[in-house]
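Peer 1: With the input below, show me the fold.
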Amino acid sequence: MRATILIFTLLVASLASTAPAIAQEGHPLKGSWVGTWGPSKQHDNDLLLVLTWDGKAVTGQVNPGRRSAQLPRQ
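Peer 2: The predicted model follows:
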């Protein structure tokens, strides 16, 4: 009985650990990040980063739109 519970627990743990690997799509350094930035919670600003990795450098935009800023190429 204990062996069956142990095997079942190990099977569930192994399946749960493979789920994040299956969910990964594309390169990990390509995509967007949304958050806030500021000196305090009362005075923070919304922030959107769109990042791309070309194999040598990370490039992208900060807050895409009319007032966007380009991330420099290193």
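Peer 1: which intervals of this protein have sub-threshold pLDDT?
Peer 2: Low-confidence segments of the chain (pLDDT under 70): 15-28, 73-74.
Peer 1: Now do the helices in it.
Peer 2: With helices called from DSSP state H, the chain shows them at 2-23.
Peer 1: need the longest strand for it.
Peer 2: Taking DSSP state E as the assignment, the strand of the chain that covers the most residues is strand 45-53.
Peer 1: Parallel or antiparallel, list what pairs with that strand.
Peer 2: strand 31-37 (antiparallel), strand 58-62 (antiparallel) (DSSP bridges).
Peer 1: What distance do you get for the residue nearest to Gly38 when sequence neighbours are not counted to Pro64?
Peer 2: Spatial nearest neighbour of Gly38, excluding adjacent residues (Cβ to Cβ, 6 or more residues apart in numbering): Asp44 at 3.3 Å. Bear in mind the C-beta positions are built from the backbone N, C-alpha and C, glycine included. Computed as Cβ to Cβ, to the nearest Å, the Asp44 to Pro64 distance reads 19 Å.
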